[in-house]
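Colleague: Sequence and predicted structure, then a few things I'm wondering about:
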Amino acid sequence: MTGILNIRGIFLFVICFFLSQGLLAEIITYPIPAELYYARHNDDFTVKVREKGGKWVDLFEYTVKVDMDTQSEASMAYFDFSGTVEVRVQKNNGELNSAIISPLSKGIVPEIDGNVISFTIDKPQNLSIECNGNRLNNLHLFAGDIDTNKPDKNDPNVIYFEAGYHKPTDSINKVFNIPSNSTVYLEGGAVLAGKLNCHKVENVKICGRGILLEPTQAISVDFSNNITIDGIIALNPRYYTVSGGQSTNITISNLKSFSYQGWSDGLDFMSCRDVVIDNVFMRNSDDCIAIYNHRWDFWGDSRNFLIQNSTLWADVAHPINIGTHGNTETGDEVMENIVFRNIDILEHDEDDPDYQGCMAVNVGDYNTARNILFEDIRVESIQEGQLFHLRVMYNKKYNTGEGKGIEDITFRNIYYNGKNENSALTEGYAPDRMIKNITFENIVINGIRAKSLDELNMNRGKYTKDIRVK
């Protein structure tokens, strides 16, 4: 028995050694539909990956459009892996003078040799490689974990899209309608030119490694319960990437998104409850994540949200926006119990002061927002905008009445290094429509921990109470 245990221990030691050295790495790449090979290829970069010391594997570089103001063409490549892999990125057009890899919190420092960038990764992550300070024609590299939960394509409850180009039978609306108690699986290399629609359904899972290409909206979830979205890439939907309306128990993980047109928000929720968002990458030309109450046909409170471990890039508008829409007929809708934790904000650019704020709580329509935590958030760049925006207001463009109040909000461990932010704002609307009990704890701006509202670059307006800086 002792001999068997020793052999087993030696075996485990050898396995752990090989894993630590990256010698048991696995790399999975996906085919490109013929319809997209030439139409969607971007030649700005050549991207290759390999096991340590192994044979290089060439990736396909997709063209993705970003930034409503410039409608620029950036690049995107993706693969899945385990172990440790080496990445080689060649810049094909113009000289390479400098390069950074964002989020900076990942701590990846590239090696530069001529026009080639090299680095090593040992865990899944979503990255932006930016050459010569160019953030509009950059490379987005999504290095994911290996999908080990593929469903049985012969299961009658599975809607399975194999690698290839797929169009919906509804050629006018371009919609795939999803029934209850079903799994929609997009195999790696599957590209769907249409919207996935979850309407009055329950127990639906949308997953895989495929792409939703330029739908009017990527995924709609309304009047539904128990919906899971995992692993999908949404390339340039015209409007929302995911919209949730009066739905409960929504889980979104490992979702990646790009948009470049007006009102092309990332993840928007109206009167939803019990929502978890984990490990998403959102680059959008409107709000990356927005939480509202009543809008259109959706009614009710918004509560119990957890958004974590994610990267947000707002080429236009807010990375995070809470408030705006509600119900002035009854005036009793509440947004509460919301947590944003471990977030990298790569960009915020908005020239209209009413729509600024990397972290914005901006209530109208008799909304009350309360019990909200922003924690461990790193902001890399503000082209134009504010770090914080807390306001009770009446926005006549979108509201039919003013907000009711904002209370019990905590900002903790927030870090920003930059120069372009406008003064942050806290401002109530009236003596009975106040902002109160707001805590700023360990806010570090350009390496200095703020100890006062002045050091926060904060404009404190009327009708505020108990604003603390720790």
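Modeller: Right, received. Where do you want to start? Every value quoted in this text rests on a predicted model; they were computed, and no experiment measured them.
Colleague: what's the burial count for Gly401?
Modeller: Residues contacting Gly401 under the criterion other Cβ atoms under 10 Å number 15. Every residue, glycine included, has its C-beta placed from N, CA and C.
Colleague: That one contacts Val363, doesn't it?
Modeller: No: counting by Cβ atoms under 8 Å, Gly401 does not reach Val363; the two are 10.6 Å apart.
Colleague: And the pLDDT at Gly418?
Modeller: Looking at Gly418, its pLDDT stands at 89.
Colleague: Three-state assignment for it, please.
Modeller: coil (DSSP: H, G, I helix; E, B strand; the rest coil).
Colleague: Skip the chain neighbours and tell me the closest residue to His140.
Modeller: Once flanking residues are discounted, His140 sits nearest to Met76: 4.4 Å by Cβ to Cβ, 6 or more residues apart in numbering.
Colleague: how's the chain carved up into domains?
Modeller: The chain breaks down by automatic domain parsing into domains covering 26-145, 239-469.
Colleague: And these: which comes nearest Asp152?
Modeller: For Asp152, the closest of the domains of the chain is domain 26-145, at 19.4 Å, according to Cβ to Cβ.
Colleague: The helix or strand bottoming out on mean pLDDT in the chain: what's the following helix or strand?
Modeller: The helix or strand of the chain with the lowest confidence, counting by mean pLDDT, DSSP states H and E, is helix 2-20 at a mean of 50. Under the assignment DSSP states H and E, the closest C-terminal helix or strand after helix 2-20 is strand 26-28.
Colleague: tell me which residues in that next one are buried?
Modeller: For strand 26-28, burial by neighbour count (16 or more other Cβ atoms under 10 Å) applies to Ile27.
Colleague: List the pairing partners of it within its sheet, with orientation.
Modeller: Partners of strand 26-28 in the sheet, by DSSP bridges, are strand 72-82 (antiparallel).
Colleague: what are the pairing partners of the next helix or strand after the partner strand, and which direction each?
Modeller: Of the helices and strands lying after strand 72-82 in sequence (DSSP H and E), the nearest is strand 85-91. Strand 85-91 sits in its sheet next to strand 45-51 (antiparallel), strand 116-121 (antiparallel), going by DSSP bridges.
Colleague: want to try a markdown table for the ones you listed, with mean pLDDT and mean neighbour count as columns?
Modeller: Shown next, in a markdown table, are the strands paired with strand 85-91 (pLDDT from 0 to 100; neighbours: other Cβ atoms under 10 Å):
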| stretch | mean pLDDT | mean neighbour count |
| --- | --- | --- |
| strand 45-51 | 98 | 19 |
| strand 116-121 | 98 | 18 |
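Colleague: could you dump the ones you listed to JSON lines with distance to Arg283?
Modeller: Converted to JSON lines, these look like this (distance: least, Cβ to Cβ, whole Å):
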{"stretch": "strand 45-51", "distance to Arg283": "17"}
{"stretch": "strand 116-121", "distance to Arg283": "20"}
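Colleague: Nearest to Gly194, out of these?
Modeller: strand 45-51 (27.8 Å).
Colleague: Following element in sequence after that closest one, please.
Modeller: Assigned by DSSP H and E, the successor of strand 45-51 is strand 57-58.
Colleague: which secondary structure elements does that following strand contact?
Modeller: strand 45-51 (3 or more Cβ pairs under 8 Å, 6 or more residues apart in numbering; DSSP states H and E).
Colleague: Could you list the low-confidence segments of the stretch 201-350 of the chain?
Modeller: For the stretch 201-350 of the chain, applying pLDDT under 70 flags no range at all.
Colleague: mind listing the helices for the chain?
Modeller: Assigned by DSSP state H, the chain shows helices spanning 2-20, 34-37.
Colleague: just to revisit the earlier point, nearest to Asp80, of the strands paired with strand 85-91?
Modeller: Proximity of these to Asp80 was assessed by Cβ to Cβ; the nearest stretch is strand 45-51, lying at 10.4 Å.
Colleague: Please name the residues that touch Asn327.
Modeller: Asn293, His294, Trp299, Glu333, Asp365, Tyr366 (Cβ atoms under 8 Å, 6 or more residues apart in numbering).
Colleague: Among the residues you listed, which one lies nearest to Thr183?
Modeller: Comparing the contacts of Asn327 against Thr183 with Cβ to Cβ places Trp299 closest, at 29.6 Å.
Colleague: Give me the neighbour count for the closest one.
Modeller: Neighbour number of Trp299 under other Cβ under 10 Å is 17.
Colleague: how near is it to Asn327?
Modeller: 7 Å (Cβ to Cβ, to the nearest Å).
Colleague: Likewise for Glu86?
Modeller: 54 Å.
Colleague: Check Ile117 too.
Modeller: 51 Å.
Colleague: what's the answer for Leu456, then?
Modeller: 33 Å.
Colleague: swap in Val66?
Modeller: Plainly put, Val66 is 35 Å away from Asn327 if you go by Cβ to Cβ.
Colleague: Next, count neighbours for the residue nearest to Val363 when sequence neighbours are not counted.
Modeller: Leaving aside its sequence neighbours, Val363 sits nearest to Gly403 (Cβ to Cβ, 6+ apart; 3.2 Å). By other Cβ under 10 Å, the residues close to Gly403 number 27.
Colleague: Just confirm Gly403 contacts Ala430, I think it does.
Modeller: No: using Cβ under 8 Å, Gly403 is not in contact with Ala430, being 10.1 Å away.
Colleague: Beta-bridge partners for Ile448, please?
Modeller: Ile445.
Colleague: okay but it is in contact with Asp454, surely?
Modeller: No: the criterion here is Cβ under 8 Å, and Ile448 misses it with Asp454 at 12.0 Å.
Colleague: List the buried residues in stretch 320-330.
Modeller: Ile320, Asn321, Ile322, Gly323, Thr324, His325, Gly326, Asn327.
Colleague: list the contacts for the fourth one?
Modeller: Gly323 makes contact with Ile291, Tyr292, Met335, Ala360, Val361, Asn362, Val363, Gly364, Asn367, Ala369, Gly403 under the criterion Cβ under 8 Å, 6+ apart.
Colleague: okay, those residues in a markdown table with distance to Gln261 next?
Modeller: Shown next, in a markdown table, are the contacts of Gly323 (distance: Cβ to Cβ, whole Å):
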| residue | distance to Gln261 |
| --- | --- |
| Ile291 | 22 |
| Tyr292 | 20 |
| Met335 | 27 |
| Ala360 | 21 |
| Val361 | 26 |
| Asn362 | 23 |
| Val363 | 27 |
| Gly364 | 25 |
| Asn367 | 27 |
| Ala369 | 28 |
| Gly403 | 28 |
